[in-house]
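# okay, here's the prediction I keep looking at, along with the sequence it came from:
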Amino acid sequence: MAINTLEEKMVHGLGDIYDAEHQFLEMMQEALPQANSDTVKSLLQQHIAETEQQISTLKQVFEALGKKAKRVSCQGAAGIVAENQKTLKQVSKKPALADLAIAGGSSKVEHYEIACYRSLITGAQQMGQNQIALLLQQNLQQEEQTAQKIEQSTPTLFQKAMAQAASA
Ligand SMILES: [Fe+2]
């Protein structure tokens with residue numbers, strides 16, 4: 001379907017991230033039983049709850065635009081999810097590597113989401129849609145905090161993997 005106006009472009013972008021959030025939510029729920037370290041488990045649990053909240057925030061954004069929330073199939077998210085699932089399968093016999101794969105995969109997810117939200121927020125601000133910009137900021141902030149937590153916990157996950165390899 002052709003996109004001819006800025007508003008249509010924004011609604012398309014919102015549908016895209018709305019779909020991406022659903023895909024990532026499912027991906028995290030699937031990854032949770034495969035997480036071994038308490039850090040990775042709690043990161044996933046916390047972000048699963050946040051993502052559910054982000055989905056409702058996106059519904060509010062659609063409402064503010066007088067639209068019904070609608071998913072637009074997001075190929076970018078599908079690609080990241082497929083890649084993460086494949087890697088996780090490949091490391092499934094090595095717990096420390098599985099934790100690293102989940103952390104690395106989640107970091108890719110967060111940065112994809114950050115890019116989507118930043119661009120949507122700039123658009124909303126430029127179009128004078130301040131209420132929408134504020135709602136999207138809430139989601140952006142959670143993604144940024146999650147990305148930071150993952151990055152902070154990654155060195156320890158590497159050390160665990162190295163220790164595990166040394167004792168094998
Ligand atoms: Fe996220």
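Ah, there it is.
# rest of the way, CA atoms for contacts and neighbours
Noted.
# packing partners of the longest helix along the chain?
In the chain, with assignment by DSSP state H, the single longest helix is helix 130-167. If contacts are counted by 3 or more CA pairs under 8 Å, 6 or more residues apart in numbering; DSSP states H and E, helix 130-167 sits against helix 38-64, helix 95-126.
# quick check: angle from it to helix 38-64?
Angle, helix 130-167 to helix 38-64, by axes from the mean of the first three to the mean of the last three CA atoms, to 10 degrees: 160 degrees.
# just the buried positions in helix 130-167, please.
Of the residues in helix 130-167, 132-133, 135-137, 139-140, 142-144, 146-147, 149-150, 154, 157, 160-161 count as buried by neighbour count, 16 or more other CA atoms under 10 Å.
# for stretch 91-107, same thing?
For stretch 91-107, by 16+ other CA under 10 Å, it's 95-107.
# over to stretch 40-48?
40-41, 43-44, 47-48.
# which ones are touching Val81?
The contact partners of Val81, taken as CA atoms under 8 Å, 6 or more residues apart in numbering, are 23-24, 27.
# and it, how far from the ion?
Between Val81 and the ion the computed distance is 13 Å (CA to the ion, to the nearest Å).
# now the host helix or strand of that residue: mean pLDDT?
Using DSSP states H and E, the element containing Val81 is helix 75-90. In this model, helix 75-90 has a mean pLDDT of 98.
# low-confidence ranges in this protein?
Of all residues in the chain, none has pLDDT under 70.
# residues of the chain that sit close to the ion?
Residues of the chain found near the ion (CA under 5 Å from the ion) are 110, 143.
# at 8 Å instead, please
Within the chain, the positions lying close to the ion (CA under 8 Å from the ion) are 21, 24, 47, 50-51, 106, 109-110, 113, 142-143, 146.
# and which of those is nearest Thr5?
Ranked by distance to Thr5 (CA to CA), these are led by Glu113 at 23.2 Å.
# so the closest one touches Tyr18, yeah?
No. Under the criterion of CA atoms under 8 Å, Glu113 makes no contact with Tyr18, lying 10.3 Å away.
# the two: who's more crowded?
Ranked by neighbour count (other CA atoms under 10 Å), Glu113 and Tyr18 place Tyr18 first, with 24 against 21.
# hang on, the earlier thing: can you pick out the most distant pair from the buried residues of stretch 91-107?
Across the buried residues of stretch 91-107, no pair lies farther apart than Pro95 and Ser107, at 18.4 Å, counting by CA to CA.
# buried set for stretch 79-87?
Result for stretch 79-87 [16+ other CA under 10 Å]: buried residues 80-81, 84-85, 87.
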